[in-house]
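Peer 1: here is a sequence together with a model predicted from it:
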Amino acid sequence: VQLQASGGGLVQPGGSLRLSCAASGFTLVDYSVGWFRQAPGKEREEVSCISSSERSRYDADFVKGRFTISRDNANNTVFLQMNSLKPEDTAVYYCTADKWRLCGGAYWGQGTQVTVSS
């Protein structure tokens, strides 16, 4: 079971990035998936999550209207489209999967660094 996150990088304030998370060893369609982040010196926090059926979603207040989580079950991949990025969005972003709970985090990817700076 593996989750491989990618797509991070350095972007200017107001810019956009699209994170991807590819799953291997299991079928994502049966799992709720999500993104968490952890900034230096801060606790890890939930960003966005979506259930296997896509009927349930969670978006942290600080990303509403800016970030969108989506899933491509045919390709076993999860995305996080991040727009209007702010310096405070700088963090390592992790993708997760859980068969039973929204934002459950049973499985974790290795993380991808997002840096928002001018």
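Peer 2: Perfect, thanks for sending it. Residues are numbered from 1 along each chain as shown.

Peer 1: tell me how far the residue nearest to residue 62 when sequence neighbours are not counted lies from residue 96.
Peer 2: Counting by C-beta to C-beta, 6 or more residues apart in numbering, residue 88 is the residue found nearest to residue 62 once chain neighbours are left out, at 7.8 Å. No exception for glycine: its C-beta is placed from N, CA and C like everyone else's. For residue 88, the distance to residue 96 equals 21 Å [C-beta to C-beta, to the nearest Å].

Peer 1: could you do residue 72 as well?
Peer 2: 17 Å.

Peer 1: in terms of neighbours, single out the busier of these two.
Peer 2: Taking other C-beta atoms under 10 Å, residue 72 and residue 96 do not tie; residue 96 has more neighbours (23 against 12).

Peer 1: thought the more buried one was touching residue 105?
Peer 2: Yes - Residue 96 is within contact range of residue 105, at 4.3 Å (criterion: C-beta atoms under 8 Å).

Peer 1: list residues touching both of those two?
Peer 2: Counting by C-beta atoms under 8 Å, 6 or more residues apart in numbering, the residues touching both residue 96 and residue 105 are 34, 36.
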